[in-house]
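Peer 1: sequence first, predicted coordinates after that:
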Amino acid sequence: MNIACLVTILSGVSFLIGYIITVLLNNNKKLITFSLGFSFIIIFGLIIFDLFPECLELVNNKFTILIFALLGIIMLKLLDFFIPDHDHNSNKKDHMEHIGLISFVALFIHNIIESTAIYTTSLTTLSMGIIMAIGVSFHNIPLGIQISSMIKNNKIKLSLILGLSLSSVIGIILLNIFKITLNNNILCVLISITLGMLIYIALFELLCEVKENIKKRELQLGLISGIALVVVSQLL
């Protein structure tokens, strides 16, 4: 296994750190509330500072980005029909699990795309690949906490986190085994769809929970911690 491959896989494994944190803290209610605020800011940070600027660099066409971002929103909304128990008003626990499941779908796609970027960058300039992997790990850890704290079934929880961790391997396989060439236009389409999915999660799923729990100290701490982490990751 070459170093570029190892760096890429380790960036995906960072989701497991979030899972381990929830296990050590016994996945209590305060952690769930904290993770709501934390992941809400992290996702917005991804949207504003990473995904949208990256799309502009690839095609410099805001209309194209908007169209495929809307497609991502629609795709995730359609998935609601296949993910049960997500009525925010009727069952708090079920809605939390629903957020965790749709977050997994969006992040799985996102991590495949992200891993191809880390891998190709590492092949060209190893130091830049390592820096990119560290930056990715900074937002993978809190997102791992979010999903782990919201899913109650331990087997399903671990399966989802392992799936996210292994999604980086899928990105490497797509590049090496199937010899897929991801040009700027294809990358922009994929990233824009992911952008739309994360916008959906932030605005239509997490926002209502943040508003409902805004007076809780754990959520406020999560928001502040998220802002601090976004700032640090941007500096890196």
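Peer 2: Happy to help now that I have it. As the structure is a prediction and not an experimental result, all values here were calculated from the model. Residues are numbered from 1 along each chain as shown.
Peer 1: Ile141 and Thr194: what is the separation?
Peer 2: 19 Å (CB to CB, to the nearest Å). Every residue, glycine included, has its C-beta placed from N, CA and C.
Peer 1: quick one: the helices in this structure?
Peer 2: 3-24, 29-45, 52-59, 62-79, 92-124, 126-150, 154-176, 184-200, 207-212, 217-235 (DSSP state H).
Peer 1: quick revisit: out of Ile141 and Thr194, which sits in the busier spot?
Peer 2: Legend: neighbour count by other CB atoms under 10 Å for Ile141 and Thr194, higher for Thr194 (27 against 21).
Peer 1: contacting residues for the residue lying closest to that one once chain neighbours are set aside?
Peer 2: Counting by CB to CB, 6 or more residues apart in numbering, the nearest residue to Thr194 once its immediate chain neighbours are dropped is His110, at 4.5 Å. His110 makes contact with Thr194, Met197, Leu198, according to CB atoms under 8 Å, 6 or more residues apart in numbering.
Peer 1: please render those residues as JSON lines that adds pLDDT and distance to Gly163 to the earlier fields.
Peer 2: Putting the contacts of His110 into JSON lines (pLDDT from 0 to 100; distance: CB to CB, whole Å) gives the following:
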{"residue": "Thr194", "pLDDT": "89", "distance to Gly163": "16"}
{"residue": "Met197", "pLDDT": "91", "distance to Gly163": "16"}
{"residue": "Leu198", "pLDDT": "92", "distance to Gly163": "18"}
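Peer 1: quick one: Thr76 from His98, how far?
Peer 2: Check again: residue 76 is Leu, not Thr. Taking CB to CB, one finds Leu76 at 11 Å from His98.
Peer 1: more crowded one of these two?
Peer 2: A direct count of neighbours by other CB under 10 Å for Leu76 and His98 places Leu76 higher, at 24 against 20.
Peer 1: Provide a list of residues in contact with the more buried one.
Peer 2: Ile102, Val105, Ala106, Gly196, Met197, Tyr200, Ile201.
Peer 1: are any of those residues buried, and which?
Peer 2: With burial judged by 16 or more other CB atoms under 10 Å, the buried subset of the contacts of Leu76 is Ile102, Val105, Ala106, Gly196, Met197, Tyr200, Ile201.
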